[in-house]
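Engineer: could you work out the structure for the sequence below:
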Amino acid sequence: RDRGGTSRSRLECTNLRGHTASVWALTSDAEEHLIFSGSEDQSIKIWDVESASLRSTLNGHTQGVRDLAIAHQFLASASLDSTIRLWDIATEQCMMTLSAHTSGLHTLKCVTSSNLLASGSRDSTVKLWDLRTNHSIHSWKCDGGEVTSLTFTGGNFISADSSGKIMEWNLTAGNVEKVSVSRSGLWAVAFNEVSTVFAAGVDGYLRSYCYD
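Structural biologist: Numbering: from 1, shown residues only. So this is what the prediction gives:
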């Protein structure tokens, strides 16, 4: 019951076992009723939601898989091996390996309306990829630490890094429009419709920033 005495229903928990090390990434394909998980064990597993069972395993990365994103018919995976792999969801085959970062990746975000994929890395760069050509079309150096998280805000995107910097980038011009500095390194960043940026710090605090 909650504080007002109202009864709450319990969520049923189902354990899905398949990985042999920590699970670091999750994403879903609602139309196909699939869940994708990425792990420190270097593999990606595809789970059937309706049967709560393991459908298949994707292998190819040589270090842990840190993030996953759905990009049209592809699943994009970011790894500490410094590469992004694009997997055809229907055939479960790796169609392309994108290599431009010089150190392991932490984060991926896709803009499905414009065929763009953004990646953030330990090398302190954010790279923007055109999925029609599979080439990096922009690369920005963040004047801070490792890029740990990315989120899109319409025409711009926001990066967070391990030094505590939050940077808003203009996708068209390729320049930084706003910079905020947190009191601690950051692990995650999110944006909502009322122009508020939320940042999760390594010091245990969740901070909010109002953007005009």
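Engineer: all contacts plus neighbour counts: C-alpha atoms, from now on.
Structural biologist: Fine.
Engineer: surely Ala200 touches Ser208?
Structural biologist: No - if you go by C-alpha atoms under 8 Å, Ala200 and Ser208 don't touch, sitting 9.0 Å apart.
Engineer: and stretch 147-156, how far from the chain's centre?
Structural biologist: On the basis of C-alpha atoms, centre = their mean, to the nearest Å, stretch 147-156 sits 10 Å off its chain's mean C-alpha point.
Engineer: which stretches of the chain have low pLDDT?
Structural biologist: Counting by pLDDT under 70, the low-confidence segments of the chain come to 1-9, 112, 194, 212.
Engineer: more crowded one of Ala200 and Ser208?
Structural biologist: Neighbours per residue (other C-alpha atoms under 10 Å) separate Ala200 from Ser208, with Ala200 holding more: 21 against 14.
Engineer: stretch 182-189 spans what distance, first to last residue?
Structural biologist: End-to-end span of stretch 182-189 (C-alpha to C-alpha, to the nearest Å): 12 Å.
Engineer: now do the buried residues in that stretch.
Structural biologist: For stretch 182-189, a neighbour-count test (16 or more other C-alpha atoms under 10 Å) marks 182, 184-189 as buried.
Engineer: then stretch 151-161?
Structural biologist: Those would be 151-153, 156-161, for stretch 151-161 by 16+ other C-alpha under 10 Å.
Engineer: what does that stretch contact?
Structural biologist: 109, 111, 124, 144-150, 165-172, 185-191, 199 (C-alpha atoms under 8 Å, 6 or more residues apart in numbering).
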